[in-house]
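Asker: Fold the stuff below for me.
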Amino acid sequence: MEREIILDVVYDKVDFREKTWQIAEYENCTFNNCSFHEIALDQTIFLECSFVDCDWSSAGLVDTALRDCVFKQCKLQGLRFDDCSDFLFQINCQNCVLDWSSFASKKLSNCTFSDCQMKEVDFREAVFSKVRIVDCDFQGANFDRTDLSHADFRKAHNYNIDPNENLLKKTQFSSAGLEGLVRNLDIIID
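Answerer: Residues are numbered from 1 along each chain as shown. Next up, the predicted model:
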């Protein structure tokens with residue numbers, strides 16, 4: 001499928017629910033205060049794009065490419081990142097809300113999540129290795145058969161990770177966060 005390539009465009013305060021979404025390849029574009037709420041972004045390519053104060057909640061992401069994209073202060077709730085294209089998938093999320101989203105079976109190596117709320121996010125069977133996490137809330141997040149090798153959880157909180165069900169090779173945790181590793185052991189720590 002031949003796609004139009006859109007380069008270096010800045011979109012300000014666009015509600016794409018009121019404007020027809022164009023499936024294209026967006027390179028080095030900036031989206032400020034835009035709404036993609038419930039928009040089908042299927043088969044769109046975003047390469048080195050920035051999204052600031054955008055609402056992506058419940059957007060469709062089938063075969064959507066997110067390659068080296070930055071999200072700041074965005075609502076990314078209920079998204080199926082696991083439907084995105086795997087090829088060169090890389091995101092950097094800062095101060096975002098990702099509640100109820102899914103990264104099941106997704107390769108997230110080298111992604112960054114900073115000051116994000118990630119409640120009840122599905123990470124089942126994902127490759128979460130070398131992920132950088134700073135001040136993120138993982139309350140109710142599902143880590144099951146997840147590769148957490150070399151991930152840095154030292155500044156994460158409210159996670160519940162069963163060491164028997166996940167790969168934790170050289171994964172970093174703070175001593176204050178150890179409770180999230182032993183919660184399933186039915187022991188009392190005083």
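
Asker: correct me, but C69 touches F51?
Answerer: Yes. With contacts counted by C-beta atoms under 8 Å, C69 reaches F51, the gap being 7.0 Å. Yep, even glycine has a C-beta here, placed from its N, CA and C like the rest.

Asker: so where's the chain shaky on pLDDT?
Answerer: Counting by pLDDT under 70, the chain contains low-confidence ranges at 1, 178-179, 182-190.

Asker: mind listing the strands for it?
Answerer: In the chain, the strands defined using DSSP state E lie at 5-7, 10-12, 25-27, 30-32, 45-47, 50-52, 65-67, 69-72, 91-94, 112-114, 132-137, 152-157.

Asker: State the paired neighbours of the third one in the sheet, together with their directions.
Answerer: Strands flanking strand 25-27 in the sheet, each with its direction: strand 5-7 (parallel), strand 45-47 (parallel) (DSSP bridges).

Asker: which outside residues touch it?
Answerer: Here strand 25-27 makes contact (C-beta atoms under 8 Å, 6 or more residues apart in numbering) with 3-9, 44-49.

Asker: Now the buried members of the residues you listed.
Answerer: Among the contacts of strand 25-27, those that count as buried by neighbour count (16 or more other C-beta atoms under 10 Å) are 6, 44-47, 49.

Asker: Tell me the one among those nearest to R80.
Answerer: Nearest to R80 among those, counting by C-beta to C-beta, is T44 at 14.3 Å.

Asker: so what's the nearest residue to V97 once chain neighbours are set aside up against?
Answerer: With C-beta to C-beta, 6 or more residues apart in numbering as the criterion, V97 has its nearest non-adjacent residue at 4.7 Å, and that residue is Q117. Shown in contact with Q117 (C-beta under 8 Å, 6+ apart): 96-99, 136-137.
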